[in-house]
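Undergrad: Could you look at this predicted model? Sequence included:
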Amino acid sequence: MGGKRHFRVWRGDESGGELQDYQVEVNEGEVVLDVIHRLQATDAPDLACRWNCKAGKCGSCSMEINGMPKLGCMTRMSTFEENETVTVTPLRTFPIIRDLVTDVSFNYEKARETPAFAPPADLAPGEYRMQQVDVERSQEFRKCIECFLCQNTCHVVRDHEENKQAFAGPRYFIRAAELDMHPLDAKTDRKEYAQAEQGLGFCNITKCCTEVCPEHIKITDNAIIPMKERVVDRRYDPLVWLGSKIFRRPMTETVGHGETSVLGAVHAQPKGGVHSHAGGSHDPHAEAEAQRGVNWHRQVPKPTVPPVDEHGRLPLTELTFDRPAAPSPFGDDVTFPMPVEHLNYAHPEQDEKKH
Amino acid sequence: MTTKSATTPTLKPGQARPRAAIAAKTLRTDRWWLAPLLTVIGLGAWVTYATVRVFMHKWYWVDAYHYLTPFYSPCVTDRCVEQASHFGRFLPGWWIIPDAALTLPFLLLFRLTCYYYRKAYYRSFWLSPPACAVPDGHQTYSGETRFPLLGQNLHRYFFYAAAIISLINTWDAVLAFHSPKGFGFGLGNIILLVNVIMLWAYTISCHSCRHIIGGRLKHFSKHPVRYRAWSFVSKLNVRHMQLAWITLGTLALTDFYVMAVAAEWIPDLRFIN
């Protein structure tokens, strides 16, 4: 198993680059990332590569190995022939930074645009109760490690840069499905949002996202197709319409907490073809806020100090303390979840309650 | 308003920064072209066979044993054999009209809009994309956002139709337990039965069915019966691709067997009567 193997690694940056040849030692049991590290230690000390856990759980070492998007740390060298050339390139869909490192901020933008979990109005944090059968579908999508291999392999953006604006990608379709299937999510317009703002219609279910997912999430079968069907429920199904007339049932089942769309109506099509960056609101102020992204200069009210003793420590037990249960290290006036106004993260909805 | 923070590495739209300059269109070294090629051959062969058979207008009915091929069920044109027409003969017998003109279009559309077949033909016939990480064969792409591909959302209508047609096929298979002496049972019955069972499995494993039967619910715990039904359909749904191909095979085999017996190329192997 040991011995020298032939590697071709893409080296370069924004201004260009090329595949460079290396002969590198490979030992039994190693993965591609180990070989990249050996390259850094020997022939190519300046080779740039993003990595972290080496266990397939952090999603950092996404790269393309022999043309297929894979995790470097989960691709065993034993899957190649002894005399096979292994070609390692950066993800093609995202802008290159250097060598194997790409700028994946496209994904973080799309994440920011997706409306977050909307808590039910009549339940306080700590009162949420859910049954396992109700949350198990959403739990599958929580396995996502955000390696963005699905985003990278999806031909909608991989082969058509112009679709990046209108298309959120498989990772955010499973996010939409996760929240739409969540038993306590109070937002009822996620289907319209997925269709109008995330570009669900661009997907032609060719299943490459499912093929490359290192967590084996059934992205297409369990998230994208159910979301497409949910959109059909709302817009095209005659029997659902008939049932709603005869039995006076709502068109889709809603959460029993009376919360309707936080955003108000989301338009079926982007207004004038312009993509919304603020959860489909199309409100100029919210759009500007969302475009600005993380606002580090927002003034956040100072919380009270934690109730520490003269030694600067939190009391260990209730016996030596003036109130029941454990004190909060964040101070008594801080409750979770924190009011959105107190975050320096500019969520599209946070300013709506003010006006 | 504060100015854009310097700590935000966000790439603004419209400023497409260059991707890695890799000359090769794909660096895949495996036989990624094999699956689309097999799909083209398989679907092409089946469609050719089915087209020839549908416009042949003969050898679809075995009078002695009441075998009716699914390609002619129900037979509704005025050239149909009377015993084969369970639903009347009200369409003119022009050669371009298939004898099962009421059902074939819906079956075709059911398969055409099926989530599995969409993957199969988008990849193999339309090359969009031919395989994962292999470039799309087209300059622009709008997916299923516009007419005519927007019509793929009608899959559910065709599922309802296909469920009704499966009932008709089941009825055909039941009527086929016949011989000149009354009740009869032969190899043709087994083939018809297997075909019908597989058709039901394919129809029920449909993604639209999975959604209608329970997938659309938000709270499974409030609907235990529908949850069980959904779990059952989900198990079948995993095999939707296999069932799609198996039913193409059983349909062609059933049709061929009925044709062969009707044309008296082979005798039917009889077990009872």
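TA: Right, received. Where do you want to start?
Undergrad: For whatever residue of the stretch 151-273 of chain B ends up closest to chain A, which non-adjacent residue is closest in space?
TA: Residue nearest to chain A within the stretch 151-273 of chain B (CB to the nearest CB): B:H211, separated by 3.7 Å. In short, each C-beta sits where N, CA and C put it, glycine included. Of all residues not flanking B:H211 in the chain, A:E229 sits nearest, at 3.7 Å (CB to CB, 6 or more residues apart in numbering or on different chains).
Undergrad: Could you break chain A into its assigned domains?
TA: A:3-101, A:105-291, A:294-355 (automatic domain parsing).
Undergrad: what's the closest of the ones you listed to B:S85?
TA: domain A:105-291 (29.5 Å; CB to CB).
Undergrad: check contacts around the residue of the stretch 151-273 of chain B closest to chain A.
TA: Residues in contact with B:H211 (CB atoms under 8 Å, 6 or more residues apart in numbering or on different chains) are A:225-226, A:229-230, A:233, B:156.
Undergrad: Likewise for B:Y67?
TA: With CB under 8 Å, 6+ apart, B:Y67 has these contacts: B:61, B:176, B:188, B:192, B:258, B:261-262, B:268.
Undergrad: and residue 226, how many neighbours?
TA: You didn't say which chain, so I picked chain A. 21 (other CB atoms under 10 Å in any protein chain shown).
Undergrad: Hmm, no, I was thinking of chain B.
TA: Neighbours of B:R226 using other CB under 10 Å come to 16.
Undergrad: And B:Y49, by the same measure?
TA: B:Y49, neighbours per other CB under 10 Å, totals 16.
Undergrad: Give the closest residue to it in space, chain neighbours not counted.
TA: Once flanking residues are discounted, B:Y49 sits nearest to B:A252: 5.8 Å by CB to CB, 6+ apart.
Undergrad: Now do the phi/psi pair for the one you found.
TA: Phi and psi for B:A252, reported as degrees, to the nearest 10, are phi -60, psi -40.
Undergrad: ok, which residues in the stretch 51-200 of chain B are in contact with chain A?
TA: B:115, B:118-119, B:122-123, B:128-129, B:132-136, B:140-145, B:149-150, B:153-157, B:160 (CB under 8 Å from any CB of the partner chain).
Undergrad: repeat that with 10 Å
TA: B:115-116, B:118-120, B:122-123, B:126, B:128-146, B:149-157, B:160 (CB under 10 Å from any CB of the partner chain).
Undergrad: Of the residues you listed, just the buried ones, ChimeraX syntax please.
TA: A single ChimeraX command is used to select the members of these judged buried by 16 or more other CB atoms under 10 Å in any protein chain shown:
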select /B:115,116,118,119,120,122,123,126,128,129,130,131,132,133,134,135,136,141,142,143,144,145,149,152,153,154,155,156,157,160
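Undergrad: Please flag which of the residues of the stretch 51-200 of chain B next to chain A sit within helices.
TA: B:115-116, B:118-120, B:122-123, B:155-157, B:160 (DSSP state H).
Undergrad: Between which two of the residues you listed is the distance greatest?
TA: B:R123 and B:Y160 (27.3 Å).
Undergrad: Closest one of the ones in helices among the residues of the stretch 51-200 of chain B next to chain A to A:H311?
TA: Of those, the one sitting nearest to A:H311 (CB to CB) turns out to be B:Y115, at 64.1 Å.
Undergrad: now the stretch 51-200 of chain B, which segments are flagged as low pLDDT?
TA: The stretch 51-200 of chain B contains no residues with pLDDT under 70.
Undergrad: Quick one: the strands in the stretch 1-150 of chain B, in order.
TA: For the stretch 1-150 of chain B, the strands defined by DSSP state E, counting those that start in this stretch cover B:61-62, B:67-68.
Undergrad: okay, the ones you listed, which one's buried deepest?
TA: strand B:67-68 (a mean of 28; mean count of other CB atoms under 10 Å in any protein chain shown).
Undergrad: Listing partners with orientation, what would you give for it?
TA: Sheet pairing for strand B:67-68, assigned by DSSP bridges, gives strand B:61-62 (antiparallel).
Undergrad: Now do the partner strand: everything it contacts.
TA: B:67-69, B:72-73, B:75, B:80-85, B:99, B:176, B:178, B:186, B:188, B:257-264, B:268 (CB atoms under 10 Å, 6 or more residues apart in numbering or on different chains).
Undergrad: What subset of those is buried?
TA: B:67-69, B:72-73, B:75, B:80, B:84-85, B:99, B:176, B:178, B:186, B:188, B:257-262, B:268.
Undergrad: Please name the nearest non-neighbouring residue to the residue nearest the centre of chain B.
TA: Taking CA atoms, centre = their mean, the centroid of chain B lies closest to B:R111, which sits 3.3 Å from it. Nearest residue to B:R111, sequence neighbours excluded (CB to CB, 6+ apart): B:Y117, at 5.3 Å.
Undergrad: burial measure for that neighbour, as a count.
TA: 18.
Undergrad: Same check on A:P119?
TA: Residues lying near A:P119 (other CB under 10 Å) number 17.
Undergrad: for A:K228, same thing?
TA: 27.
Undergrad: likewise the one 5 residues further on?
TA: A:D233: 21 surrounding residues under other CB under 10 Å.
Undergrad: angle of the helix or strand hosting it against helix B:115-124?
TA: Assigned by DSSP states H and E, A:D233 belongs to helix A:225-235. Angular relation of helix A:225-235 and helix B:115-124 on a 0 to 180 degree scale: 110 degrees, by axes from the mean of the first three to the mean of the last three CA atoms, to 10 degrees.
Undergrad: Going by neighbour count, list what's buried in helix A:225-235.
TA: A:225-233.
Undergrad: Which stretches in the stretch 1-150 of chain B count as helices?
TA: Applying DSSP state H, counting those that start in this stretch to the stretch 1-150 of chain B gives helices spanning B:34-54, B:104-112, B:115-124.
Undergrad: Can you tell me which of the ones you listed is most buried?
TA: helix B:115-124 (a mean of 21).
Undergrad: Would you state the helices of chain A in chain order?
TA: In chain A, the helices defined using DSSP H lie at A:32-41, A:105-113, A:132-142, A:149-153, A:155-158, A:170-180, A:190-196, A:208-212, A:225-235, A:238-246, A:284-292.
Undergrad: which of the ones you listed is buried the deepest?
TA: Using mean count of other CB under 10 Å, helix A:149-153 ranks as the most buried of these, with a mean of 28.
Undergrad: Does that one reach chain B?
TA: Yes. Using CB under 10 Å from any CB, helix A:149-153 comes into contact with chain B via A:149, A:152-153.
Undergrad: Show me what that helix is packed against.
TA: strand A:62-65, strand A:68-71, helix A:105-113, helix A:155-158, helix A:170-180, helix A:208-212 (3 or more CB pairs under 10 Å, 6 or more residues apart in numbering or on different chains; DSSP states H and E).
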